[in-house]
Each structure stands twice: as structure tokens, then as C-alpha cells.
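Chemist: sequence first, predicted coordinates after that:
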Amino acid sequence: RITRQDLMRQREEYFHLRGGQLLRNMMSRDNNIPFMLYDRDQIELATNRFNNMSVIGQGGQGTVYRGYNLDPDNNPVAIKKCKGFDENSWSEFTDELLILSRVNHENIVKLLGCSLQFDVPILVYEFVPNKTLYNLIHIQTDQSIRTMGIRLKVAAESAKALAYLHSSLDHPMILHGDVKSTNILLTNNFIAKVSDFGCSKIRTADENYDVVKGTMGYLDPEYLQKFKLTDKSDVYSFGVVLLELLTRRMPLSVEKVSLASIFQEAMREGHFLELIDTEILHEDNMGLISDLATLASQCLIMTSESRPTMSTVAEELRRQMAGQVQQDQGVLTELI
Ligand SMILES: Nc1ncnc2c1ncn2[C@@H]1O[C@H](COP(=O)(O)OP(=O)(O)OP(=O)(O)O)[C@@H](O)[C@H]1O
């Protein structure tokens, strides 16, 4: 018969085997890192024992639950239960957590903590209440996402988040590896939050990788040839997201033709305007649309070296935003 004491001992064992002590030491060394290590009981209570009613999403790497009572301010959280996790990958996973816990950016879904007391990793994130960008572009016809201003803002914020992951001094270079519109979440005020970190996403720039990760329609063609993920692979995938925002077309057509290739051909032949979503195709927007189309096209260049860096893309989008604000103010002044 297994007693409660046996169970407690087993949980402690799991905790140590999986590098829990390492994480605990790191946290006590650096009080600035608000990263929590949750007990099994806390997670089970928060998800009502992983009750189906608490499920908010299903991804390739696991199931996401809505949870309560874990956040000190009592905000809801999103709890991801990873699946298909290899027992031998725990130490790699804990190493990654040490880095991911240092990621702190307003446009990145915050990783609040984890639990090491289950047979698979459990990750706890800040809860983002609105839908994914994919949902708002392709499924729901939310009025707000129809405006050019919101689309530009979402693009600029997502680019800023990716640029931070690639080149912040807070942590080594982090490659996202699966940038797509389902991995951009939006708050009720349409603040973009890049998500989906935590299951083997950190790579050093020169590491070779032989398993194809990522999503069809967004994958860097050079990565598919060389199996080497780089910062420019994220730039390519971001280019596809930019196209989704401009065209409201799916990244892959029903015939499995990529939006990127259709768009690049239209750019070469000078008729890309035919692809742009008619809802944003106004005279006032023409300059901006043309600039954004050029930027997307640069992100999608076949040879990765010729693509801009994420910082350059973010800076260009910031500049465009500033231009828009000025333009809006100009219109206002004229009206007054
Ligand atoms: N922090 C969060 N707040 C609110 N909802 C979330 C959060 N994280 C994920 N979700 C929801 O859960 C769904 C699944 O997320 P997840 O990141 O696991 O999968 P995915 O990105 O759709 O697929 P994959 O992991 O295969 O790339 C998302 O589409 C979203 O609806």
C-alpha cells in the first residue's frame, strides 16, 4: 500500500532529479527573478485535477488549462501540460528554464513558474484573455482587427518582442522557432504577447539541429535545406505573419501553396495590391501598405543572410507607427 509519506518522498525525489534544487538556488541567489516552483497539489487544485472543463487550448506540445489561485494577485493563469516528453530531457529542460525565467518583456507572455513534480513538465504562464491573432484574422470577424492602425500595432509589438528575444542583454540569444499567428496572443486592449516558449526553444546560433520543428507555411526554406535554425528563420516566419495581417489570407492555401511564394511572385510582377485585404485598401493607407509589403518581402528573401535582422524590422515598424500617429494628428489638426 502506498502511503501519503511515500508519495511525498517520491515528489521530493522527482524534484531533485529534475534539477529543482538548481532552480531553487538560482532563485535565492537572484531575488529579482519572480519565478515560482509549484507543488503538485497546487497545480491539481488550480486545474481541478486537469479537468476537461478547464482546457483552453490544445497545441502540438501539450494541453493548456485555465488555472486559478496560483497568482499572488489572484489573476487567472494558463497552465501548460507538455506531452510526449522524454524522461532524459529533464536536465536540458531545467537549463532552459533558468534562461526563460529571465525573459521579461511586455510583449511576451510571462512564464510565472513551473512544477517538477509530475511525469511531464508543467509550465505556468500569465493568462492572456483575448483570442490568438490567427483567430482574429482568419476566424472571428472582430471589427477592431480590421483597422490598419491595430494591424500595424500588433506587427510592431510582436517584432519588438522577437528582437528582444534575439538580442537582449538579459539572456543569451533565444530563437523562438515557431513564430506564427496562433502564437501571438492578444489582450483585451489588443496588446500583442508572443507565446509558446518552454519546450526546447533555446538554441545557440551555431548549433546544428536535425529535427524539423515549426509549422508548414511559416518555415524558412533555408532551414528546411540545412536543418539549422537561425535568428533569420524567425525573421522569415514573422514575414509570413506580416502577410497574414496585410492580406488576411491563410499561410498555406487549400492546394498547399504558400502565401509567401504567391506574394513574392506578385511583388516581382508588380501586382501585389491584388492580394491585399480590401478592408485596408484605402487611398490614405497606400504608402504604408507599400512600405509594409516591401518589408515583408525582405523578410521572405530566400537567402537568410539578405534578410533584415529582427531589430531592423522592429525599428522600421516603430518608425511607421510614429509616422501614422503624426499623420492622424495632422488630420485632427485639419479638422479643428
Ligand atoms: N498564456 C495563455 N493565455 C491564454 N490562452 C493561452 C495561453 N497560452 C496558450 N493559450 C491557448 O492555448 C492554445 C494552445 O497553445 P499552445 O501554445 O500549446 O499551442 P499552439 O501554439 O496552438 O500549437 P503548437 O504548440 O503546436 O505550436 C492557444 O492557441 C491559445 O488559445
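Modeler: Arrived safely, thanks for sending. Everything quoted here is computed from the prediction, not taken from an experiment.

Chemist: how about the residues of this protein by the ligand?
Modeler: With CB under 6 Å from any ligand atom as the criterion, the chain comes near the ligand at residues 56-62, 64, 78, 80, 109, 125, 127-128, 132, 178, 182-183, 185, 195-196. C-betas here are computed from N, CA, C, even on glycine.

Chemist: which of the residues you listed are buried? Put it as a PyMOL command.
Modeler: The PyMOL command for the buried members of the residues of the chain next to the ligand (criterion: 16 or more other CB atoms under 10 Å) is given here:
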select buried, resi 59+61+62+64+78+80+109+125+127+128+132+178+182+183+185+195+196
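
Chemist: contacts only, for Q298.
Modeler: By CB atoms under 8 Å, 6 or more residues apart in numbering, the contact set of Q298 is 239, 306-308.

Chemist: tell me the one of the residues you listed nearest the ligand?
Modeler: Nearest to the ligand out of the contacts of Q298 is G239 (CB to the nearest ligand atom; 18.0 Å).

Chemist: rounded mean pLDDT for the helix or strand containing the closest one, please.
Modeler: Using DSSP states H and E, the element containing G239 is helix 231-247. Across helix 231-247, pLDDT averages out at 97.

Chemist: contacting residues around the following helix or strand past that helix?
Modeler: Proceeding N to C from helix 231-247, the next assigned helix or strand is helix 259-269, under DSSP H and E. Residues outside helix 259-269 that contact it (CB under 8 Å, 6+ apart) are 217, 236, 239-240, 243-244, 247, 249-253, 272, 274-275, 293, 296-297, 300.

Chemist: looking at helix 259-269 now, give me its mean pLDDT.
Modeler: 97.

Chemist: buried stuff in that helix?
Modeler: For helix 259-269, by 16+ other CB under 10 Å, it's 259-260, 262-264, 266-267.

Chemist: got CSV for the residues you listed, with distance to D170 too?
Modeler: Formatted as CSV, these follow (distance: CB to CB, whole Å):
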residue, distance to D170
L259, 34
A260, 31
I262, 38
F263, 34
Q264, 35
A266, 40
M267, 36
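
Chemist: check which helix or strand the one residue in the stretch 201-336 of the chain that gets nearest to the ligand maps to.
Modeler: Sorted by distance to the ligand under CB to the nearest ligand atom, the residues of the stretch 201-336 of the chain start with T215, at 6.5 Å. Using DSSP H and E, T215 is not contained in any helix or strand.
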